[in-house]
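Engineer: need a structure here:
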Amino acid sequence: MTLITNATALLADIAVETDRTDAVQSFVKQETVLVTITTADGLVGTGYAYTIGTGGSSVVALLREHLLPLLTGKDARNVEGLWQSLFAHTRATTTGAITSLALAAVDTALWDLRCKRASEPLWRLAGGHRQEIPVYDTEGGWLHLGTEDLVKSALAARDAGFSGVKIKVGKPHVAEDAERLRAVRDAVGPGLHIMTDANQSQSLSSAVQLAAALEPYGPYWLEEPLPADDISGHTRLARSTRIPIAVGESLYAPMQFRSYLEAGGASIVQVDVARVGGITPWLKVAHLAETFNVGVCPHFLMELHVSLVAAVPNGVFVEYIPQLRAVTRTEMALHNGLAVAPDEPGIGIDWDMDAIDDRRVS
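Structural biologist: Coordinates of the predicted model:
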């Protein structure tokens with residue numbers, strides 16, 4: 001009764017809820033790849049992955065033409081075995097974004113099935129460390145926003161009970177980045193964490209200058225200052241500044257995280273469940289980081305990550321960027337500034353399939 005009888009994939013475009021810009025790009029739309037898996041006893045699991053504007057059709061093609069046909073007749077309970085078999089089938093295209101996104105859509109659907117079959121929520125079945133998680137806000141810190149808007153949003157986040165805010169950096173002159181951060185720090189005081197994110201826009205020399213300019217204002221971290229594959233550069237930067245270095249949203253395999261942690265190039269791990277290939281490898285990265293005494297603060301996907309951060313002992317923050325409200329019936333719950341992992345069996349996302357169908361891409 002647990003054998004897979006059907007597996008389908010679709011692509012839906014979800015408009016961004018606000019303008020989102022950083023030092024290298026704009027978030028144009030969320031191309032949302034949804035996979036639905038049905039078992040012989042009628043249980044249905046839904047998983048997803050995403051892009052921020054391009055490549056979604058390529059992920060769907062990989063799923064439909066190469067991966068989903070392999071699932072029919074397999075036991076949906078064998079999540080690790082299915083992940084490994086699909087990964088092996090795509091060795092010619094791994095490790096990289098397209099394959100990882102495809103694997104993630106399947107893997108989250110299998111975990112949805114696993115949790116529903118066990119009548120347990122994801123946060124408990126994946127570890128069950130705690131249910132409430134601190135939140136930091138990114139929506140008020142985009143690069144195109146003026147300093148007055150940054151201050152206003154940071155104060156609102158503080159008053160709402162959030163633990164921190166993220167400010168995008170990477171202006172043409174480092175003095176402008178420093179001034180924006182100074183203004184926010186002066187407004188919110190020392191009690192609110194301020195994260196900074198350069199979105200891979202810097203060279204090593206410019207990142208050293210940027211870190212030195214930001215350091216007086218106590219950033220909680222400096223995120224992705226260099227290209228994500230520059231492990232040695234991040235390691236040298238980490239040795240030159242007191243600001244913790246955060247990486248992970250642009251890494252696509254657990255071993256890439258291992259290389260960063262072994263080199264000392266990451267003080268914060270920002271593993272993204274879609275980009276790393278699903279819940280199965282996400283948990284491996286989280287537990288790996290725990291062995292290095294490093295916290296996990298995943299990138300984006302708050303509706304899913306809230307349960308995973310709650311599951312592990314080194315989960316620290318959830319990033320507040322709401323993006324699924326147009327296609328779900330419920331939102332991530334907040335209580336006194338904390339995100340609350342949902343208690344419903346499954347991955348905790350109540351999809352509105354009619355709304356998704358309205359946004360389906362042919």
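Engineer: In contact with Phe11, which residues are there?
Structural biologist: Quick fix: residue 11 reads Leu, not Phe. Contact analysis of Leu11 by CB atoms under 8 Å, 6 or more residues apart in numbering lists Glu31, Thr32, Val33, Leu34, Gly56, Ser57, Val59, Val60, Arg360, Val361. C-beta here means a position set from N, CA and C on the backbone, and glycine is covered the same way.
Engineer: Return the per-residue confidence for the residue lying closest to it once chain neighbours are set aside.
Structural biologist: With sequence-adjacent residues excluded and distances taken as CB to CB, 6 or more residues apart in numbering, Leu11 is closest to Val361, at 4.4 Å. We note a pLDDT of 95 for Val361 in this prediction.
Engineer: again with Ile268
Structural biologist: Ile268 carries a pLDDT score of 98 in this model.
Engineer: now do Thr94
Structural biologist: If you check Thr94, the pLDDT there is 84.
Engineer: for Met1, same thing?
Structural biologist: Note on Met1: pLDDT of 86.
Engineer: if I pick Thr8, what's in contact with it?
Structural biologist: Going by CB under 8 Å, 6+ apart, Thr8 touches Val35, Thr36, Leu68.
Engineer: who wins for neighbours among those residues?
Structural biologist: When neighbours are taken as other CB atoms under 10 Å, the top entry among the contacts of Thr8 is Val35 (29 neighbours).
Engineer: Look up the closest residue to it, ignoring the ones flanking it.
Structural biologist: Computed as CB to CB, 6+ apart, the closest residue to Val35 that is not its neighbour in sequence is Ala105, at 4.1 Å.
Engineer: Spatially central, which residue of this protein would that be?
Structural biologist: Of all residues in the chain, the one closest to the mean position by CA atoms, centre = their mean is His299, 3.0 Å from it.
Engineer: Hmm, that residue is touching Leu251, no?
Structural biologist: No: using CB atoms under 8 Å as the test, His299 is too far from Leu251 to be in contact (9.9 Å).
Engineer: between the two, what contacts are shared?
Structural biologist: Shared between the contact lists of His299 and Leu251 (criterion: CB under 8 Å, 6+ apart) are residues Val271, Arg275.
Engineer: Give me the phi and psi for the nearest residue to Tyr220 once chain neighbours are set aside.
Structural biologist: With sequence-adjacent residues excluded and distances taken as CB to CB, 6+ apart, Tyr220 is closest to His193, at 4.1 Å. In this entry, His193 is assigned phi and psi values of phi -70, psi 140 (degrees, to the nearest 10).
Engineer: Tell me who's in contact with His193.
Structural biologist: Tyr136, Ser163, Gly164, Val165, Tyr220.
Engineer: and if you look at His89?
Structural biologist: With contacts taken as CB under 8 Å, 6+ apart, His89 has the following neighbours: His66, Leu67, Leu70.
Engineer: residue ranges with poor pLDDT in the protein?
Structural biologist: Scanning the chain with the threshold set as pLDDT under 70 gives no residue ranges.
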